[in-house]
Each structure stands twice: as C-alpha cells, then as structure tokens.
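Novice: I would like to see how this sequence folds:
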Amino acid sequence: MNLTVSLRGSQEVRGACRIVHLTGQLDSFSEPSFRKEMNQFVEQGPPHIILDMKAIDFLDSSGLGVLVQFAKKLSESGSLQVVSNPRVTQTVKLVRLEKFLALQKSLEDALANVPQAD
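Specialist: Got it, this is the predicted structure:
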C-alpha cells in the first residue's frame, strides 16, 4: 500500500474479508491517500474490511471522518470493523462514535464478527 511517510500499511485477503494493517498516523495529511486506497478496496472487494489499527499512534477528526464514511458505505453490502488500541478507542469515544464504529480488541475478535455468507 502506498500511503504516506506518516501512515504505512499492508493488506491481505482472507475469504470474504480484507484485512488492512495500519501503522503511524491517520490525520489530515494522510487521509487523502488512505481514502483513495480504501475506495479501491471497496470497489475490488471482498465486502468485509477489517482495519487493524493497533499500531496507530494518532487519529484526528479527518481520520475519524473517513472511518465513518467507509462504515456507512460498507454497511450497504458488507461491514467495517476496527481493531483498536487504547488511544484510538479514547478518540472514538471522545466524539461518541463507539456505537457506530465496530471496535474490536483483537484481529481474532474482528474475524469472528465478520458476517458469514449464507
């Protein structure tokens, strides 16, 4: 994944789920690159995306905005889950989005919560 100096990532596909591992900062500087990559992932499939944000050091309102946008977009045909860390969780709770963004404690929890195809 080509993001920015401050935000790096990798991704893998497991069944009906794409796992995106992020490290660094998801902020106003990195948000445009992140949005572009995420749009491609949504178009390409699979329908469920897990953002592994355990290694995120900083998340600002721009980062939160793009997470909310993709949670809405994916809710139509798939799902978005966020593997969080205490800093990310605190930021999400500060703006009261924890009920909207599916925060998970681990990648295993997120994978267990991916809706299974009928």
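
Novice: which residues does the spatially most central residue of the chain contact?
Specialist: By Cα atoms, centre = their mean, the chain has its centre lying nearest to Leu51, at 3.2 Å. Residues near Leu51 by Cβ atoms under 8 Å, 6 or more residues apart in numbering: 20, 22, 67, 80-83. (Glycine included, C-beta is placed from N, CA and C.)

Novice: immediately after the one helix or strand it maps to, which helix or strand?
Specialist: Element membership for Leu51 (DSSP states H and E) is strand 48-59. Toward the C-terminus, strand 48-59 is succeeded by helix 61-75 as the next helix or strand (DSSP H and E).

Novice: by contact count, what packs against that next one?
Specialist: Contacts defined by 3 or more Cβ pairs under 8 Å, 6 or more residues apart in numbering; DSSP states H and E place helix 61-75 against strand 17-26, helix 31-44, strand 48-59, strand 79-83.

Novice: among the ones you listed, show me which one is buried the most.
Specialist: strand 79-83 (a mean of 23; mean count of other Cβ atoms under 10 Å).

Novice: could you say what helices and strands it packs with?
Specialist: strand 48-59, helix 61-75, strand 102-104, helix 107-112.

Novice: export the second one to CSV, keeping only CA atoms.
Specialist: Written as CSV, here are the backbone C-alpha positions of helix 61-75 (Å, rounded to 0.1, in the frame of the first residue of the first chain):
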residue,chain,number,x,y,z
SER,A,61,-11.0,14.3,13.1
SER,A,62,-10.1,13.8,9.5
GLY,A,63,-9.2,10.2,10.2
LEU,A,64,-12.4,9.7,12.1
GLY,A,65,-14.4,11.3,9.3
VAL,A,66,-13.0,8.8,6.7
LEU,A,67,-13.7,5.9,9.1
VAL,A,68,-17.3,7.0,9.5
GLN,A,69,-17.7,7.4,5.7
PHE,A,70,-16.4,3.9,5.0
ALA,A,71,-18.5,2.4,7.8
LYS,A,72,-21.6,3.9,6.1
LYS,A,73,-20.5,2.9,2.6
LEU,A,74,-19.7,-0.7,3.6
SER,A,75,-22.9,-1.1,5.7
